[in-house]
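Engineer: Build me a structure from this.
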Amino acid sequence: MNKLFDFAIIGGGIVGLSTALQLQQLGKDVLVLEKEQQPGLHQSGRNSGVIHSGIYYKPNSLKSTLCVRGRELLIDFALAEKISHRIEGKIIVDNDLERIEALYQRSLELQMSNVEVITKQKILQYEPYCKFHQALYVPQAGVIDYKEVTKKIAEKFISKGGSIEFFQEIKEIQTLSSFKQLTSNSNKFTAQYLINCAGLYSDSVAQLDRVNPKLRIIPFRGEYFTIQHSKQSMVNNMIYPISNPDLPFLGIHLTKNIYGEIEAGPNAVLAFSKEGYKWGSVNFREFSKTISYPGMWKLGKQYFSTGISEMYRSLNKNVFLNEILKYIPNITKKDLHPRLSGVRAQAVGVDGKLIDDFVFEEGEQSLHVLNAPSPAATASFAIGEYIAKKVI
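Structural biologist: Numbering: from 1, shown residues only. You can find the predicted model right below:
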């Protein structure tokens, strides 16, 4: 029989590897199985790079608790491993002062320090080109390169004796007398316990393990533009909107990333495959599963106009530009250059509701991370802690 590991983790993204590192630090023998040739090629390496403050999330939710704890652990890791990052804050803008005041009250509930409501003069100190006259300043936000973080976690995990097997797409999961047997396209692996951190494919992996979650992962593509290098001074850090409370998607915002580029985005359009990073990326088998899911039909009916507007913005650069011009002036179509897009793994319930919080479901000798969208990268070290406490 193959070597018996204490834990096998499916998925070599930032959540899977953070969990692996945490379990390893507790003395466990851990195997990570990744279908790609290197870690972090999907959600972990295709995001906005924002270190989230946690202000948007409901107090006492998993998202809120794990984001705040995860941010602390992430910054500690970045400092220890000398990973470039900035914690310089962001401004959240809105024309409705009541909405800003309500978000400020949430910051008090979350015990966030030094958050303040600011008006035009103070806004211009932070963002000299911002058009808005009122905002909330949130000092806890920052930026980092999560692909670099994921790479560093993998290196540390391997240096301490951890095992990562690449090119291993799991096709079958069996629960035998005292262990799990995982069969890939080329090998068999055994472990006493399975942890599913497969992101976009987490629902499919759960089904292989005879767990039938009352949700489905629906892929939404997020598209970004970078703004012309000569106009990098137009944004100092981050300018964000107040999100629609009924939708987990934030909407267009401006971020100066860790490399000094201004990024605008993302929008959110239904992808035609789990890894549908372009309009032409179509997987008919995966897309048929998406559109045949009853929850997707209910979701589509509820947010039909929103979906159409997101698609229109994706296909029409002028519409995307107009969103940017709400925040700052003097940007033209020629200033916008397409950036690497990402696909968000969004859990949708059978009732058609977008599931906002993180979702974990236990199986037989297994735990499945079934919904870990943004801020999962910020929260990843705390998610690893949380999982380790549940499974040990």
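Engineer: so Leu124 makes contact with Cys130?
Structural biologist: Yes - between Leu124 and Cys130 there is a contact under CB atoms under 8 Å: 7.0 Å. (C-beta placed from N, C-alpha, C; glycine too.)
Engineer: quick one, which of these two is more surrounded?
Structural biologist: Cys130 (21 against 12; other CB atoms under 10 Å).
Engineer: okay, the closest residue to the more buried one other than its chain neighbours: pLDDT?
Structural biologist: Of all residues not flanking Cys130 in the chain, Ile123 sits nearest, at 5.3 Å (CB to CB, 6 or more residues apart in numbering). pLDDT, Ile123: 97.
Engineer: can I get the CA coordinates of the strand or helix carrying Ile123 in PDB?
Structural biologist: Using DSSP states H and E, Ile123 maps to helix 120-126. Extracted C-alpha coordinates of helix 120-126, given in PDB (Å, rounded to 0.1, in the frame of the first residue of the first chain):
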ATOM      1  CA  LYS A 120     -13.600  66.700   0.900                       C
ATOM      2  CA  GLN A 121     -10.600  68.400   2.500                       C
ATOM      3  CA  LYS A 122      -9.400  65.200   4.200                       C
ATOM      4  CA  ILE A 123     -10.300  63.100   1.200                       C
ATOM      5  CA  LEU A 124      -8.000  65.100  -0.900                       C
ATOM      6  CA  GLN A 125      -5.100  64.500   1.600                       C
ATOM      7  CA  TYR A 126      -5.500  60.800   1.000                       C
END
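Engineer: Which residue, other than its chain neighbours, is closest to Glu101?
Structural biologist: Using CB to CB, 6+ apart and skipping residues adjacent in sequence, the residue nearest Glu101 is Val117, 6.7 Å away.
Engineer: Look up the residues forming beta bridges with the one you found.
Structural biologist: For Val117, the beta-bridge partners are Leu136 (DSSP bridges).
Engineer: Does Ile9 fall in a helix, a strand, or a coil region?
Structural biologist: Following DSSP: H, G, I helix; E, B strand; the rest coil, the label given to Ile9 is strand.
Engineer: Was I right to think it contacts Leu21?
Structural biologist: No - applying CB under 8 Å as the test, Ile9 and Leu21 come out as separate, 10.4 Å apart.
Engineer: Neighbour count: the two, which is higher?
Structural biologist: The residue with more neighbours, out of Ile9 and Leu21, is Ile9; 29 against 23, by other CB under 10 Å.
Engineer: what's the distance between Glu275 and Ile173?
Structural biologist: 21 Å (CB to CB, to the nearest Å).
Engineer: ditto for Lys278
Structural biologist: Note on Lys278: its distance to Ile173, by CB to CB, is 31 Å.
Engineer: The two: who's more crowded?
Structural biologist: With neighbours defined as other CB under 10 Å, Lys278 and Ile173 compare such that Ile173 has more, 22 against 14.
Engineer: Show me what Asn196 bridges to in the sheet.
Structural biologist: Following DSSP bridges, Asn196 is listed with bridge partners Ile10, His368.
Engineer: What are the buried residues along the lengthiest helix in the chain?
Structural biologist: What stands out as the longest helix in the chain, according to DSSP state H, is helix 62-81. Neighbour counts over helix 62-81 (16 or more other CB atoms under 10 Å) mark 62-71, 73-75, 77-78 as buried.
Engineer: The residue lying closest to Ser64 once chain neighbours are set aside: helix or strand, and which one exactly?
Structural biologist: Spatial nearest neighbour of Ser64, excluding adjacent residues (CB to CB, 6+ apart): Tyr57 at 3.9 Å. Secondary structure assignment for Tyr57, by DSSP H and E: no helix or strand.
Engineer: Quick check on Tyr57: phi, psi?
Structural biologist: Backbone torsions for Tyr57, taken as degrees, to the nearest 10, come to phi -100, psi 150.
Engineer: How about the contacts made by it?
Structural biologist: Residues near Tyr57 by CB atoms under 8 Å, 6 or more residues apart in numbering: 63-64, 67, 375.
Engineer: which pair in those spans the largest distance?
Structural biologist: Greatest spatial distance in the contacts of Tyr57: Ser64 and Pro375, 9.4 Å, computed using CB to CB.
Engineer: Report the set of residues contacting both of those two.
Structural biologist: Taking CB under 8 Å, 6+ apart as the contact rule, Ser64 and Pro375 both touch 54, 57.
Engineer: any idea where the helices of the stretch 201-350 of the chain begin and end?
Structural biologist: 202-208, 284-292, 294-302, 304-315, 317-325 (DSSP state H, counting those that start in this stretch).
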